[in-house]
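Undergrad: structural data only, the sequence is not supplied:
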DNA sequence: TTGAAAGCGCTAACAG
DNA sequence: CTGTTAGCGCTTTCAA
């Protein structure tokens, strides 16, 4: 691996100027056929690979967009032995990423992936932001200040975010309605009266889920329990939350979880304590991940259009970058769907 | 989104030179505390985001590595309606990519994803190669010449490749042994005598599978049928292959497929023709994907250590880039494992 | 401890 | 159709 050849080397070898070499690659039609061939041959001989850095510097464009997400996976890497463990499945983040990937491929864009190596540590997002034309970030993966700073330079789409700032677009999913419908189902069809909520607050999407839960209860004239804190991907927090409920005076009729991930852990925890689901306690999730669809019992949940979320984000960026002004709105709002499974007893 | 601030802007605002700004970010210890604070404050005010391009140009390093793969997914995106369709699962490529991602995150590297938008079209690989310090490429995703060209400039790891060239390292999985064991199982335990092989040749890993298949048959004194061509991800080719077998004089005892993806399609096709699997015809796969584990019947297959393949590739690159010479060998060879399922009748 | 200045490799006017 | 040339934003000696 000797020093990389540059335009200068290619130019020298082909007996032309560097401008011609550049033209040969960027506007082949502008160069005489024979010259073009000579340049391409020289490039080939030398193993010339144009430096995207240099090109990016000169043009002010990189041709790539970035996706910044968090490290949910790290804690939930499935045990090697449990071959059929449900947690082998793609999670929320993975499915959104897939949508982003597919849409990028269709557009011939490269995708730069970054993740909170040091969660909340500013330089990380900034770092990937420095290499792309536009950035997609999961809410909560980066500090809001960082997002705002980045947005001063390139268009940013936040997924499920709370940052309202010039240059920051948002893709939202209507979590509230879905969760309210799910809760109403438990109330109406299953006659539940004593519901528990397991999950965290703080992110707008999580807050909306809890709100939907609360709205249904309030409408039914029931008190709204405060949530038992838990975090998806941090399985021990969920286990602890459920164990706390088990130890409490009375087991609730139903445990409404903020995510499918947490619901699956909740079910495991209950079953491990010899409490049958849904016979004794109903458990529900949120997201509609593949894992939930194949779980036993099949999860009653609310499905987010994950792939579509990812695709939408890329489309927004595309509109912004093309300058076609395709996305005048500050945010897109996608619907979610209540999905009946078996974990509610249906 | 006004013009992005640069070192010059920050320097001007902080009343220092651009060199000092640069030092403040790269070697904070070298700058007087008061100066440092002034620079950082100025950067913050301005919303300064360093240009990775410029930095890369100056240092000759990008801090990112690339992964180049193909578009297997595009043709096999599952229908929206079939919520529990097995093909929602991550495929071989996805699982390898996951390993790459995890290892990159642990090392704090950004990952640049590219895929054959125009399969085999040179500029694509070259393009992502131009933006990274090292490249991982799936065999078959890019033309060998392109791989070799890239390898003149940056270290390249090919996954399952056939390119033997300076600078191109390879991660291989022993496909032959696994497939031979699987075939022997069909011969010995199930007494199969008339086996068909569905799958393509041309890539070394595919060739090795067919070889293993052939070795087992030859050892048993049986003739080796030529493969019925099919390509994973191109479902119609697989369907056509199986339909051809159905129309043939005698249905084979077993259909050995080159991949899980193809095995799943084969099973669908057979079942659609009222031919029960494995009762009438045995079907086996290769890869050990999640989809195969959850299929009905559960696939008998050979498991490749997919995540490990991805991780290994990153580690090789790491060794090469650190110059720690951690990987003197030209390739790594990982084992595969025969996995008993139910699709063989066991 | 800080500044001046020379590139890094490429693009894109502007001439010719 | 092709060459000259001036940057793009940052790093990094070398001096001061």
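TA: Sure, I can see it. All figures in this text were calculated on a predicted structure; none of them were measured in a lab.
Undergrad: need the residues that contact stretch A:147-164.
TA: A:96, A:125-126, A:129, A:132-139, A:144, A:165-173, A:203-205, A:309, A:313, A:316-317, A:320-321, A:330, B:1-2, B:4-5, B:44, B:47-49 (C-beta atoms under 8 Å, 6 or more residues apart in numbering or on different chains). Just so you know, the C-beta spots here come from the backbone N, C-alpha and C atoms, and that holds for glycine as well.
Undergrad: among these, which lie within strands?
TA: A:134-138, A:168-173 (DSSP state E).
Undergrad: which ChimeraX command selects the buried ones in the contacts of stretch A:147-164?
TA: Selection of buried members from the contacts of stretch A:147-164 for ChimeraX, criterion 16 or more other C-beta atoms under 10 Å in any protein chain shown:
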select /A:96,125,126,129,132,133,134,135,136,137,138,139,144,165,167,168,169,170,171,172,173,203,204,205,309,313,316,317,320,321 /B:4,5,47,48,49
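Undergrad: checking my notes, residue A:301 in a helix, right?
TA: No: assessed with DSSP: H, G, I helix; E, B strand; the rest coil, residue A:301 is strand; it does not lie in a helix.
Undergrad: quick one: it and residue A:181 touch, right?
TA: No: the pair residue A:301 / residue A:181 is not scored as a contact, 11.2 Å apart, by C-beta atoms under 8 Å.
Undergrad: how near is residue A:148 to DNA strand D?
TA: From residue A:148 across to DNA strand D, the span is 18 Å (C-beta to the nearest atom of the strand, to the nearest Å).
Undergrad: just residue A:129 next, same as before
TA: Here the criterion is C-beta to the nearest atom of the strand. By it, residue A:129 lies 12 Å from DNA strand D.
Undergrad: not counting its neighbours along the chain, what's nearest that residue?
TA: Using C-beta to C-beta, 6 or more residues apart in numbering or on different chains and skipping the chain neighbours, the partner closest in space to residue A:129 is residue A:150 (4.2 Å).
Undergrad: can you read off the pLDDT for the one you found?
TA: With respect to pLDDT, residue A:150 has a value of 87.
Undergrad: so how far is residue A:334 from it?
TA: Distance of residue A:150 to residue A:334, computed by C-beta to C-beta, to the nearest Å: 23 Å.
Undergrad: count of neighbours near residue A:297?
TA: Close neighbours of residue A:297, defined as other C-beta atoms under 10 Å in any protein chain shown, add up to 18.
Undergrad: an error on my part: the question was meant for residue A:68.
TA: Using other C-beta under 10 Å, residue A:68 has 28 neighbouring residues.
Undergrad: over to residue A:273?
TA: 12.
Undergrad: am I right that residue A:279 is in a strand?
TA: No: counting by three-state DSSP, residue A:279 is not found in a strand; it is coil.
Undergrad: now it: closest residue in space that isn't a chain neighbour?
TA: residue A:345 (7.6 Å).
Undergrad: which residues does that neighbour contact?
TA: A:190, A:278-279, A:282.
Undergrad: could you redo the last one with a cut-off of 6 Å?
TA: Listed by C-beta atoms under 6 Å, 6 or more residues apart in numbering or on different chains, the contact partners of residue A:345 are A:190, A:278, A:282.
Undergrad: returning to that earlier point: quick one, which of residue A:150 and residue A:334 is more surrounded?
TA: residue A:150 (27 against 14).
Undergrad: name the element that one belongs to?
TA: Here residue A:150 sits within helix A:144-151, counting by DSSP states H and E.
Undergrad: chain center to stretch A:337-346: distance?
TA: A distance of 24 Å separates the centroid of the chain from that of stretch A:337-346, by C-alpha atoms, centre = their mean, to the nearest Å.
Undergrad: what comes up buried for it?
TA: The neighbour-count check on stretch A:337-346 (16+ other C-beta under 10 Å) flags A:338-339, A:341, A:343-345 as buried.
Undergrad: domain ranges for chain A, per the record?
TA: Following automatic domain parsing, one finds the domains of chain A at A:7-59, A:64-174+A:305-335, A:176-304.
Undergrad: JSON lines for those domains, including distance to residue B:104?
TA: Formatted as JSON lines, those follow (distance: least, C-beta to C-beta, whole Å):
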{"stretch": "domain A:7-59", "distance to residue B:104": "18"}
{"stretch": "domain A:64-174+A:305-335", "distance to residue B:104": "8"}
{"stretch": "domain A:176-304", "distance to residue B:104": "18"}
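Undergrad: which of the ones you listed comes out lowest on mean pLDDT?
TA: Minimum mean pLDDT among those: domain A:64-174+A:305-335, a mean of 80.
Undergrad: what does the host helix or strand of residue A:216 rub up against?
TA: In the assignment (DSSP H and E), residue A:216 maps to helix A:204-219. In this structure, residues lying in contact with helix A:204-219 by C-beta under 6 Å, 6+ apart are A:160, A:162, A:175-176, A:179-180, A:183-184, A:197, A:200-201, A:224, A:227, A:256, A:258, A:286.
Undergrad: show me where chain A has helices.
TA: Secondary structure of chain A by DSSP state H: the helices cover A:7-14, A:18-26, A:33-46, A:52-59, A:72-75, A:92-107, A:122-129, A:144-151, A:175-188, A:204-219, A:235-247, A:260-272, A:290-294, A:306-322.
Undergrad: quick check: residues of chain A near DNA strand D?
TA: Listed as neighbours of DNA strand D in chain A under the rule C-beta under 7 Å from any atom of the strand: A:15-20, A:23, A:30-32, A:34-36, A:54, A:57-58, A:60.
Undergrad: and the residue of the stretch 201-346 of chain A nearest DNA strand D?
TA: The nearest approach of the stretch 201-346 of chain A to DNA strand D comes at residue A:321, 16.8 Å away (C-beta to the nearest atom of the strand).
Undergrad: relative to residue A:292, how far out is the spatially closest residue to residue A:250 that is not a sequence neighbour?
TA: Counting by C-beta to C-beta, 6+ apart, residue A:194 is the residue found nearest to residue A:250 once chain neighbours are left out, at 6.9 Å. Residue A:194 sits 24 Å away from residue A:292, going by C-beta to C-beta.
Undergrad: settle it for me: which of the two has more neighbours?
TA: residue A:292 (26 against 12).
Undergrad: in this structure the more buried one contacts residue A:303, no?
TA: No: between residue A:292 and residue A:303 no contact is recorded; they are 9.0 Å apart, counting by C-beta atoms under 6 Å.
Undergrad: and the residue of the stretch 151-300 of chain A found nearest DNA strand D, how many neighbours does it have?
TA: Nearest residue of the stretch 151-300 of chain A to DNA strand D: residue A:153, at 9.9 Å (C-beta to the nearest atom of the strand). For residue A:153, the count of nearby residues is 21 (other C-beta under 10 Å).
Undergrad: what's the answer for residue A:229, then?
TA: A count of nearby residues for residue A:229, using other C-beta under 10 Å, gives 17.
Undergrad: how about it, what does it touch?
TA: Counted by C-beta under 6 Å, 6+ apart, residue A:229 has contacts residue A:200.
Undergrad: quick check: it vs residue B:17, distance?
TA: For residue A:229, the distance to residue B:17 (C-beta to C-beta) stands at 50 Å.
Undergrad: just give the nearest non-adjacent residue to whichever residue of the stretch 201-346 of chain A sits closest to chain B, would you?
TA: Nearest residue of the stretch 201-346 of chain A to chain B (C-beta to the nearest C-beta) works out as residue A:290 at 5.0 Å. Of all residues not flanking residue A:290 in the chain, residue A:89 sits nearest, at 4.5 Å (C-beta to C-beta, 6+ apart).
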